[in-house]
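In: just to be clear, the model below is a prediction. Sequence and coordinates:
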2 protein chains.
Amino acid sequence: MTGIRALADSLNISIGTVSRALNGKPGVNPETRDRVLKMAQETGYVANAAGRNLRKGLTNTIGMVIGTGPAAAKGDNNFFMAVTDAMQRAMLERGVDLILLPCHAAMDPLAFLQRTLQRGSIDGLVLTATLEQDPRIAMLEASHLPFITLGRSRTPGNYAWMDLDFEGAARQSVARLAELGHRRIAIGIPKGQANLSALYLESWRQQMQAEGLSPSDDLLFVDDFTEAGGAQVAARLLDQADRPTAILMCSEPMISGFCGGLLGAGVQPGADVSVIGFRQSPLLRHLAPPISCFDMDLDALGEDMAKAILGLVYDADNALHITRAISPMTYVETASVQPLR
Amino acid sequence: MTGIRALADSLNISIGTVSRALNGKPGVNPETRDRVLKMAQETGYVANAAGRNLRKGLTNTIGMVIGTGPAAAKGDNNFFMAVTDAMQRAMLERGVDLILLPCHAAMDPLAFLQRTLQRGSIDGLVLTATLEQDPRIAMLEASHLPFITLGRSRTPGNYAWMDLDFEGAARQSVARLAELGHRRIAIGIPKGQANLSALYLESWRQQMQAEGLSPSDDLLFVDDFTEAGGAQVAARLLDQADRPTAILMCSEPMISGFCGGLLGAGVQPGADVSVIGFRQSPLLRHLAPPISCFDMDLDALGEDMAKAILGLVYDADNALHITRAISPMTYVETASVQPLR
DNA sequence: TTCGTAAATGTAAACGTTTACGAAACCTGT
DNA sequence: ACAGGTTTCGTAAACGTTTACATTTACGAA
């Protein structure tokens, strides 16, 4: 005899009562409930996931798909870790588990998603690293599995999302550099269809024009999301006759490679070319000089994400409320940004 | 009607035949099998996870518990990401999913483990960040769930593990520094019961004695697994009259904080105090100067881990073969290590 | 034709849980 | 003492799948 049946037997009561006691359902004698809870505690009984899932159609777990692969491994996973951390903490209070679903770069993201959807082992999903056009979103909408994306997308649909203020960061960056006299303000973004790159780029364009500067094509550098890519950007930038005097970059590895490239050519980041990054990170803080970037409250972000997806999945009344929020960022300036000489 | 029943109905055959056809079991007419497969393809049918899991007692997923929380968020998660990545790739070939189980620092690791064990949603487990004495291992052994640890432990038992060569790293580090004339070679390790710290420390002791040097207590620095902790170590080290001229450190954030502490006091890492770290990482590479450390093949490690746990879980004949392997590390020297002046 | 064997298919039980439903026990006021 | 209501509890069905077993069909050989 196993599971709830064994527990019920050892207490000489029926499995129905045990189940009700454990799940906090009404209509069970407080004294009986205590006995059940105590025995469950002692024996370490926890309801089998498959059985419960089969019966209820719910698993009490939320999945979060994260990209892995060469690029991701070199990127700043600390971002995900920090968010994950806060999310899990918030979910724990509700007795919900968070699992991470790593999707390898070499794998078709759609097939991966399809698989996890069909498996039916999660109640809701957090989708990260959204693309400008993201077919995964359409798939999720069709699947009727509640989900929220971390990152926006141009893909139409009535879904919940949260994001960081890439536009604000680009806007502030350009404005600050212009204020310091810079006129040829470049931007470096990673190759690929990431939505954040698109937002970052678009906002750079707008603010450049707002400052009366030209967002010309020779100020736009697109390269691999790696240190090598950043080094490439540096090489191409230094090659220009009318060399840009400042640059915005949203990718950590690229910034690192970029600064390396500058130094290799005898050009000082900051002194010769001002650099503004996006997200605060240990690496950026330890480059020489440290890179100006934006600080944010990842803890709050994670908590908000958790609340949003939990509401969507488990609170019938909240299910209609689609949260869409943009997390603010605060600029932190370092020696990597200096007035135009 | 839903699930396999609907599929069977639409083909006018029984669910038994459908199940056999889908699962490649023998004893089904090839023609019928084709019809089933085709219909399943068309309708997008995939067996419900809960039902299958309940019946078979297997979920085709392997879990990997990773620590989160403030400390982990600041540490180098790239390590886990890289290993995870390779593991997942290897598992995918076998149709097995890998899920990450983040265990928040504020949570009791034992309770967390107990929960995931009882839930029965994984077929096998990868345990990371093992402690010198790790009660989780005993719990896992009692649970009869196949598992492998990434990191050894003094906890006795007949379990599989893989690990990095912390002893070798410490030994090589001391030997190299001694060769360069250093005599007061310190070691900095994080507080806590992590097994790797113990190995690292013990091996340092042994090699110091082998070199005819004294591993005295004033050469041992224990502090928080954070930048602040590293800075503390720097302060205490610089405070000594007979100042150590070199140090080994296995924690990335501590190294970073340590170097910051040195620089803040006008002491040059490398030139004044040689520093050797443990694992290669972007941050260590970008400190000034870059930190000497050890390179390793995380991809191979991940693949081996995957093979080991898969064999343990799904291959009956392999189930008795307990893999125990130590991943080699190769020393990469930088300007952070210099001859004693 | 008839039987025996193998191939193909159908049937039903089982996995562990939750929950609708009914039964029992216990009150409470008349 | 009894009807009616409220607690409390037990029973059994259901979730969707796999698989042991029973059953049918097909096909040669006798």
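Out: Received it, and whenever you're ready, just let me know what you need.
In: SS state for A:G181?
Out: Under DSSP: H, G, I helix; E, B strand; the rest coil, A:G181 falls in the coil class.
In: find the nearest non-adjacent residue to it, please.
Out: A:L340 (3.6 Å; CB to CB, 6 or more residues apart in numbering or on different chains). All C-beta spots, glycine's among them, are computed from the backbone N, C-alpha and C.
In: am I right that that neighbour sits in a helix?
Out: No: read with three-state DSSP, A:L340 is coil and lies in no helix.
In: what's near enough to touch it?
Out: A:L180, A:G181, A:H182, A:R183, A:T245, A:A246 (CB atoms under 8 Å, 6 or more residues apart in numbering or on different chains).
In: let me see the domain layout of chain A.
Out: Annotated domains of chain A cover A:3-47, A:68-156+A:300-324, A:166-296 [automatic domain parsing].
In: off-centre distance for the longest one?
Out: Computed by CA atoms, centre = their mean, to the nearest Å, the separation of domain A:166-296 from the middle of its chain amounts to 21 Å.
In: now do the same end-to-end measure for that domain.
Out: 12 Å (CA to CA, to the nearest Å).
In: give me the low-pLDDT residue ranges for the stretch 201-341 of chain A?
Out: Flagging of the stretch 201-341 of chain A using pLDDT under 70 yields the residue ranges A:316-319.
In: and the residue of it found nearest DNA strand C, how many neighbours does it have?
Out: Taking CB to the nearest atom of the strand, DNA strand C has its nearest neighbour within the stretch 201-341 of chain A at A:Y314, 12.7 Å off. A:Y314: 18 surrounding residues under other CB atoms under 10 Å in any protein chain shown.
In: what's the answer for A:R33, then?
Out: 17.
In: list the contacts of it.
Out: By CB under 8 Å, 6+ apart, the neighbours of A:R33 are A:A21.
In: ok so it is a helix residue?
Out: Yes: counting by three-state DSSP, A:R33 falls inside a helix.
In: isn't the residue of the stretch 201-341 of chain A closest to DNA strand C right next to A:I62, touching?
Out: No: at 9.7 Å, A:Y314 does not count as touching A:I62 under the criterion of CB atoms under 8 Å.
In: shared neighbours, the two?
Out: A:V96, A:D123.
In: now whichever strand or helix holds A:F258: buried residues?
Out: Using DSSP states H and E, A:F258 falls within helix A:252-264. Using 16 or more other CB atoms under 10 Å in any protein chain shown as the test for burial, helix A:252-264 gives A:E252, A:P253, A:M254, A:I255, A:S256, A:G257, A:F258, A:C259, A:G260, A:G261, A:L262.
In: in a markdown table: those, plus distance to A:A106.
Out: As requested, the buried residues of helix A:252-264 are exported to a markdown table (distance: CB to CB, whole Å):
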| residue | distance to A:A106 |
| --- | --- |
| A:E252 | 22 |
| A:P253 | 19 |
| A:M254 | 22 |
| A:I255 | 26 |
| A:S256 | 24 |
| A:G257 | 23 |
| A:F258 | 27 |
| A:C259 | 30 |
| A:G260 | 27 |
| A:G261 | 28 |
| A:L262 | 33 |
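In: ok, and which of these reach chain B?
Out: Counting by CB under 8 Å from any CB of the partner chain, A:P253, A:S256, A:G260 from the buried residues of helix A:252-264 sit close to chain B.
In: give the buried subset of the contacts of A:L340 as a ChimeraX selection command.
Out: In ChimeraX, this line selects whichever of the contacts of A:L340 come out buried by 16+ other CB under 10 Å:
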select /A:180,182,183,245,246
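In: next, format the contacts of A:L340 as TSV and append distance to DNA strand C.
Out: Shown next, in TSV, are these (distance: CB to the nearest atom of the strand, whole Å):
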residue	distance to DNA strand C
A:L180	62
A:G181	66
A:H182	62
A:R183	65
A:T245	64
A:A246	59
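In: from DNA strand D, how far out is A:L177?
Out: Distance, A:L177 to DNA strand D, by CB to the nearest atom of the strand, to the nearest Å: 58 Å.
In: helices or strands up against the helix or strand hosting A:D163?
Out: Assigned by DSSP H and E, A:D163 belongs to strand A:160-164. The contact analysis (3 or more CB pairs under 8 Å, 6 or more residues apart in numbering or on different chains; DSSP states H and E) places strand A:160-164 against strand A:147-150, helix A:298-314, strand A:324-327.
In: now do 6 Å
Out: Counting contacts by 3 or more CB pairs under 6 Å, 6 or more residues apart in numbering or on different chains; DSSP states H and E, strand A:160-164 is packed against strand A:147-150, strand A:324-327.
In: contacting residues around the last one?
Out: By CB atoms under 6 Å, 6 or more residues apart in numbering or on different chains, the residues outside strand A:324-327 that reach it are A:W161, A:M162, A:D163, A:L164, A:D165, A:M296, A:L301.
In: parallel or antiparallel, which strands does it pair with?
Out: strand A:160-164 (parallel) (DSSP bridges).
In: can you give me the helices in the stretch 101-250 of chain A?
Out: Assigned by DSSP state H, counting those that start in this stretch, the stretch 101-250 of chain A shows helices spanning A:109-119, A:135-143, A:166-179, A:195-210, A:227-239.
In: who wins for proximity to B:I122 among these?
Out: helix A:109-119 (12.8 Å; CB to CB).
In: what residues of that closest one count as buried?
Out: Quick answer for helix A:109-119 (16+ other CB under 10 Å): A:P109, A:F112, A:L113, A:Q114, A:R115, A:T116, A:L117, A:R119.
In: cool, stretch A:131-151 as well?
Out: A:131-132, A:134, A:136-137, A:139-140, A:145-151.
In: of the ones next to chain B among the buried residues of helix A:252-264, closest to B:M81?
Out: A:P253 (13.1 Å).
In: so how far is DNA strand D from that closest one?
Out: From A:P253 to DNA strand D the distance is 43 Å (CB to the nearest atom of the strand).
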